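> Sharing a model that was predicted from the sequence below.
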Amino acid sequence: MSYVAIADRDHEQEHHDPQTFITKYVYSQDHKVIALQYGGTAILVGLIALGLSAMMRLQLGFPDEFSFINPENYYQFITMHGMIMVIYLLTALFLGGFGNYLIPLMIGSRDMVFPFLNMLSYWVYLLSVIILIISFFVPGGSTGAGWTLYPPQAIMQGTPGIDMGIILMLVSLAVFIVAFTMGGLNYVTTVLQARCKGMTLMRMPLSVWGIFIATILGLLAFPALLVSAIMMIFDKTLLTSFFMPAISSMGTDPGYTGGSPILFQHLFWFFGHPEVYIVALPAFGIVSDLLSTHARKNIFGYRMMVWAIIAIGGLSFVVWAHHMYVSGMNPYFGFFFATTTLIIAVPTAIKVYNWVLTLWEGNIHLRTPMLFSIGFIFTFIHGGLTGLFLGNVTIDLPLSDTYFVVAHFHMVMGVSPILVVFGAIYHWWPKITGKMYNETLGKWHFWMTFLGTYAIYLPMHYLGFAGVPRRYFAMGNTEFLPDSAQDLNAAITISALFVAATQLLFFINMIWSLTRGPKSDPNPWDATTLEWQTPDHPPKHGNWGHELPEVHRWAYDYSVPGYEDDFIPQNVPSDVAPAGRDHGGEH
Amino acid sequence: MTIALLFLAAILATLLGWLLKQTFNAAPWEAEVVGDAAHHGPFGDDKAKFIALLTFLAVVCSFFALILSAYSLRMDLGDWVPMTEPQLLWTNTVMLIVASAVFQWTRNASVAGQQSRLQPGLLITGVLTLGFVLGQFIAWQQLQSSGQYVTTNPSNAFFYFLTGAHAVHIIGGMFVWARATTKVVLGKGDASEIRRSIELCTIYWHFLLIVWLILFGLLLQT
Amino acid sequence: MAFAVVLILLVVGSVVFHLLSPWYFTELASNWAMVDFTVDITFWVTGGVFVFVNLFMAYCVIKFRYKKGNRAKYEPENKKLEVWLTAITAVGVAAMLTPGLIVWNQFVSVPEEAHVVEAVGQQWHWTFRYPGEDGKLGEVDNERISSQNPFGIDPEDPNGQDDVVVYNPEAHIPLDKPVKLLLRSKDVLHNFTVAQFRVKMDLVPGMDTFLWLTPTKSGRFELLCEELCGIGHHTMRGAVIVDEQDDFDNWIAAQPTFAEHMATPPGDATVGAAQYAVCAACHGPQGEGVTALNAPKLSGQSEWYLKRQLDYYKNGLRGTHEDDIFGQQMIGMAATLANAAAVSNVAAYIQTFPDNPAEKTIDGDTDHGAKLYRVCAYCHGGDGLGKQALNAPRLTGMSDWYLARQLNHFKDGVRGAHLQDFYGYQMGLMGQSLHDEQAVSDIIAYINTL
């Protein structure tokens, strides 16, 4: 550990911009490059998962029309789709991508505190992705146990990929956790240690708060997944009986005795529920900053927002068993977990109120990032409210394991964070690349994604009410379902394919911007936060030139009475009114 | 899961208390002048590695607390037969205690600037720690030869898992120890950097000793 | 402006969709009306919040959209408003949670008078056990499970002797009587769900779980597994039939007890030989099958499968479809077997035949067939020899033209369409992934190579 954090060095020390392609983009210790590596890899692997979901939708919408989908690979598709989206895309993108890019820039630091560890974190993450991809091609294919990997079926005959598939999946998760821990230690230490002068905790933008608390959740929760992964590998390879009870599998006795599948579920959801907030909290934080900036108004109730993030983070550790109401665990736990789960709705509702109240009496610019942010509020309200159904133990009885659950968690954990991801990419794109994107294309992208996803998931809830179970390759003839349920499924599939196809607009926009896009202003949105105040645009290695910034105010001084500009950057001293700068037209 | 919850409650309470102290009375929109200290972390400047280590220890705590939660849940499931621990574990424990003590002595010497003590101190610690790891491995061998395999009973499986996980953490620590020791033996490297390295290693050794004592106590009890 | 209009339309559209949706809870058939009531309350509360907050947001977007010269209001926080909002939210949450907890309390407190039915799950099949006259279920152990004793009941346990065992996925329960369903799994996780009953619970190997309900409507209700249990998860169906008490009593009296099941003598091949004379006319004296007569090879096919199919023909579960010409012929033939003992004797006699592979008549792309067969192998085995535990018959070395015809019958619903032919239904679902004649030929060509 001999490397010295850049932030610790004297500012006379020069930050050479790396020269060759390799040192600049591959073997780089610059947090911005690592962020792009993380983000790029996550999006690429996310596209694979998107493709898998298209395959699933084809089967569900038009059962048995496509010869390349059979029950075996269908269950492999759903498993890998879920696992990739939750872990390898969303977790990696929000923390490894946005966390890496935003933390040092927003708190006025030159880099992460341990740049080498940071680089290592990415390479280990890449390794976990490679192991995951390899598992598609081993004999027997990848695991088809569902992303929850419940034993016994995850390692028992009858499930696809019980040979190398499941082992590689578990190893890949373990490697991912190592990568995440390296990154996480960095983010926590950087937020605690490397803030620039004047940047008190309560002056940090909510993006940093969200990422910071999410990282702490991840650091404490991922070990649960690690423990369960190791124990399952033992059960699979050494035939121990941690999770495996005495069973008779297809008429043969595999030799296990006495273990508990419920034990795995406890461990899994002890990780799995905080994981929801590991994804959600950064999204909450980022969307708060986007809303505030584009509404030209301070975020409403900043302190409440911070405490709500902290409260949600803390509570997220005592709600895990709401995933297990009908799992066969002691049913008396239901009382406790239903109560804690519905309590968590209170801080979450406060966040929603405060986002909406931020719009109240604002001066709202409906640019692409803002459209995505408001779209997020809409889908998040929807997803949050359906959570009140499932969190309430009684209502979980009819709805658990149906399409209602699938619709709910896609609304709250799929669509909502992804809308934030897009909003955030459009918002920070000029900072990252120095180029503007195409506003019209961006808006089209928003409309198609937003309306398309709503057309997917709103009706899907009702399939759940009607009693369509999740993870069914085909429904067959079922008396209690109206025939029209299949038509609805077909409509959902068409929407899903449409949404998947329109994501091309995003990539077209980005490529257009990189090749032909106009140069952007250093601060095109007139934002107050530090990342827009860098001396170079886009920021160079070391971020701040010769002198670290000094912060004099919170991140939300928009439309402060008595100032000419409708924003005051955080590094403007409190006794100096900002000079009226010319920002080259309105946006 | 009670163990994991209690542990988490402790960590979260500490964290919440500290965060609330930092944030409760702040009215961040009032642009008051903030002193130099504001941007320093909770333990002052220049302590990044110390904080990173503490955070890492919290992660390791979470890891072991969760295994112990699983242990206590699994223990109640009827087929549990307590395993007799090899006597060798006592010797190993003594070795690890002495290793930790010697590390503390070395650290004190390092802080006091008594460079001549570093080399023997580090080497003795290393030998003892390595002895502990080897001793654990021999204990495994003894168990295997007496027919106590990993699949014999869940208590055995947990024994191998817990001791193995603990040994892996020790071996991880040995890498950092090896770097510091190489620098001391070769007489290279910055003295203050070596000192800091030794300080952090000492904390880590004490921590793993405490973890081991808890694990060992539990294994003996059940 | 357009954005706000779209938001408003989405809110209105969602409400309209909800009100008009034909996709909603099926008609309730149990005592759990309180579950539906809790859902209704939750809909009112959440629906109100959904409409109000989103319309307010749309209003903000219209009213406070950017206009040159406008300036946002600077308002860091408003403690009073935030406290009020928190309080109102807390009240709303309590309004939803309270009925939820009350109903859950009822769900976890099983009435004393509830009678017990055990539902046993296995990949991909339901079976049931009733406690018999003593009202007590015998001890079971997964390690004792065998083809003879599929429930793993302890033969030494006196409580188990009179247990009524139902080795097929159709359970009967009496109307208006509270029933406690004890749930047990032989292998992996499953879940007991009947949509009309509203309640569900997982089956967990190694432990007993339960749910209870009082059926309030008579009729046939589909039973689904709703916890992923492997590749055949979606085919794990069953039925719960709610009967008037008399019908129930008659039904259960006709089911074998465990003691009777264990005491059933094995089929007598010598007696079966005489009865086989009828079969020999078409299937050949050694059960070798006669292609010209559309009679498949029988020799080498497992006894349990032959018995089941004969029963199906006898009871009208198979061969009743108008397009199943050869099946119709079998109905008359099977009728010549007077009772279960006769069926079992014939099946036993067939086991004595020499097992020579049937002639191969179908060619195809065996490489492609091998790929397709992967799915089949989960039940029928990689060697195609079948697995009794999965109700999957032998395929290898049997008449290939017959396999092809049956696959097409399953796909077209000619076979497996009868409500009680659950295994045929499973094959119908699985067979759908074979898309054309070529795929059927390829897969059978591959089976011919095994």
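It's in. Numbers count the residues shown, from 1 in each chain, chains lettered A, B, ... in the order given.

> Pretty sure residue C:289 sits against residue C:358.
Yes - the criterion here is Cβ atoms under 8 Å, and residue C:289 meets it with residue C:358 at 5.9 Å. C-beta: built from backbone N, CA, C; applies to glycine.

> overlap in contacts of the two?
Common contacts of residue C:289 and residue C:358, defined by Cβ atoms under 8 Å, 6 or more residues apart in numbering or on different chains, comprise C:296, C:297, C:399.

> Narrow these to those that are buried.
C:296, C:297, C:399 (16 or more other Cβ atoms under 10 Å in any protein chain shown).

> Can you tell me which of the residues you listed lies closest to chain B?
Distance to chain B across these (Cβ to the nearest Cβ) is lowest for residue C:297, with 44.3 Å.

> quick one: pLDDT of residue 21?
If you meant another chain, say so; for now it's chain A. Predicted confidence (pLDDT) for residue A:21: 73.

> you looked at the wrong chain, it should be chain B
75.

> what about it, neighbour count?
When neighbours are counted by other Cβ atoms under 10 Å in any protein chain shown, residue B:21 registers 10.

> what does residue A:253 give?
Residues near residue A:253, counting by other Cβ under 10 Å: 15.

> Does it touch residue C:143 like I think?
Yes - at 6.2 Å, residue A:253 and residue C:143 qualify as touching, with contact defined as Cβ under 8 Å.

> Residues that sit against both of the two, list them.
Counting by Cβ under 8 Å, 6+ apart, the residues touching both residue A:253 and residue C:143 are residue A:246.

> ok so, going back, including distance to residue C:253, pLDDT and secondary structure, could the buried ones among the shared contacts of residue C:289 and residue C:358 go into JSON lines?
Output for these, formatted as JSON lines (distance: Cβ to Cβ, whole Å; pLDDT from 0 to 100; DSSP: H, G, I helix; E, B strand; the rest coil):
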{"residue": "C:296", "distance to residue C:253": "37", "pLDDT": "94", "secondary structure": "coil"}
{"residue": "C:297", "distance to residue C:253": "39", "pLDDT": "93", "secondary structure": "coil"}
{"residue": "C:399", "distance to residue C:253": "40", "pLDDT": "92", "secondary structure": "coil"}
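
> and the strand or helix carrying residue A:455, does that touch chain C?
Assigned by DSSP states H and E, residue A:455 belongs to helix A:439-466. Yes - for helix A:439-466 and chain C, the contact criterion (Cβ under 8 Å from any Cβ of the partner chain) is met by A:451, A:454, A:458, A:459, A:462, A:463, A:465, A:466.

> Report the distance from the lengthiest helix in chain A to the chain centre.
Ordering each helix of chain A by length in residues (DSSP state H) puts helix A:261-295 first. Computed by Cα atoms, centre = their mean, to the nearest Å, the chain-centroid distance of helix A:261-295 equals 7 Å.

> can you check stretch C:130-149 too?
Worked out by Cα atoms, centre = their mean, stretch C:130-149 lies 21 Å from the chain centre.

> end-to-end on it?
15 Å (Cα to Cα, to the nearest Å).

> Flag every buried residue along stretch C:399-412.
C:399, C:400, C:401, C:402, C:403, C:404, C:405, C:406, C:407, C:409, C:410, C:411.

> Which residue is the nearest non-sequential neighbour of the fourth one?
The shortest distance from residue C:402 to any residue other than its chain neighbours is 3.6 Å, reached at residue C:296 (Cβ to Cβ, 6 or more residues apart in numbering or on different chains).

> for that neighbour, phi and psi?
Dihedral angles of residue C:296 (phi, psi; degrees, to the nearest 10) stand at phi -70, psi 160.

> show me the contacts for whichever residue of the stretch 351-450 of chain C sits closest to chain A.
Proximity of the stretch 351-450 of chain C to chain A (Cβ to the nearest Cβ) peaks at residue C:389, 3.1 Å away. Counting by Cβ under 8 Å, 6+ apart, residue C:389 touches A:248, A:250, A:251, A:252, C:122, C:147.

> my guess is residue A:210 is in a helix, correct?
Yes - the assignment for residue A:210 (DSSP: H, G, I helix; E, B strand; the rest coil) places it in a helix.

> what's the spacing between the nearest residue to it once chain neighbours are set aside and chain B?
Spatial nearest neighbour of residue A:210, chain neighbours left out: residue A:285 (2.3 Å); criterion: Cβ to Cβ, 6+ apart. Noted for residue A:285: a distance of 15 Å to chain B, by Cβ to the nearest Cβ, to the nearest Å.

> residue in chain A nearest to chain C?
For chain A, Cβ to the nearest Cβ, closest residue to chain C: residue A:245, 2.5 Å.

> Could I get the pLDDT score of that residue?
For residue A:245, pLDDT reads 93.

> my read: it touches residue A:156, true?
No - counting by Cβ under 8 Å, residue A:245 stays clear of residue A:156, with 11.2 Å between them.

> all helices for the stretch 1-150 of chain C, in order.
C:2-20, C:33-63, C:79-108 (DSSP state H, counting those that start in this stretch).

> Low-confidence ranges, chain A, go.
For chain A, the stretches flagged by pLDDT under 70 are A:1-19, A:575-587.

> sorry, back to before: now that we have the residues of helix A:439-466 next to chain C, which one has the most neighbours?
For these, the largest number of neighbours (other Cβ under 10 Å) sits with residue A:463, at 26 neighbours.

> ok, for it, nearest residue in space, not its chain neighbours?
residue A:403 (4.1 Å).

> who touches the residue of chain B found nearest chain A in this structure?
The nearest approach of chain B to chain A comes at residue B:79, 3.3 Å away (Cβ to the nearest Cβ). By Cβ under 8 Å, 6+ apart, the contact set of residue B:79 is A:241, A:257, A:258, B:153, B:154.

> Just to check, the last one is in contact with residue A:242?
Same thing as residue B:154. Yes - contact criterion Cβ under 8 Å: residue B:154 and residue A:242 qualify, at 6.7 Å.

> Now the common contact residues for the two.
Contacts common to residue B:154 and residue A:242, judged by Cβ under 8 Å, 6+ apart, are A:259, B:74.

> And for residue C:277, the neighbour number?
Neighbour tally, residue C:277, other Cβ under 10 Å: 10.

> gap between it and residue C:285?
Distance of residue C:277 to residue C:285, given as Cβ to Cβ, to the nearest Å: 9 Å.

> who's residue A:519 bridged to?
Beta-bridge partners for residue A:519, by DSSP bridges, are residue A:435.

> near chain C, which residues of chain B?
B:27, B:29.

> Let me see the ranges of the helices in chain B.
B:2-23, B:48-75, B:88-111, B:118-145, B:154-186, B:191-221.

> ok, and what's touching the helix or strand residue C:172 falls within?
Assessed by DSSP H and E, residue C:172 sits inside strand C:170-174. Applying Cβ under 8 Å, 6+ apart, the external contacts of strand C:170-174 come out as C:117, C:119, C:126, C:128, C:179, C:215, C:223, C:238-245, C:247-248, C:251-252, C:420, C:422.

> are any of those residues buried, and which?
By 16+ other Cβ under 10 Å, the contacts of strand C:170-174 give C:117, C:119, C:126, C:128, C:179, C:215, C:223, C:238-243, C:248, C:251-252, C:422 as buried.

> Sitting in strands, which of those do you find?
Assigned to strands by DSSP state E, the following of these qualify: C:117, C:119, C:126, C:128, C:179, C:223, C:238, C:239, C:240, C:241, C:242, C:243.

> Could you provide the residues you listed in a markdown table, with additional columns for distance to chain B?
A markdown table is the format used below for those (distance: Cβ to the nearest Cβ, whole Å):
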| residue | distance to chain B |
| --- | --- |
| C:117 | 25 |
| C:119 | 23 |
| C:126 | 26 |
| C:128 | 26 |
| C:179 | 28 |
| C:223 | 29 |
| C:238 | 29 |
| C:239 | 34 |
| C:240 | 31 |
| C:241 | 36 |
| C:242 | 36 |
| C:243 | 38 |
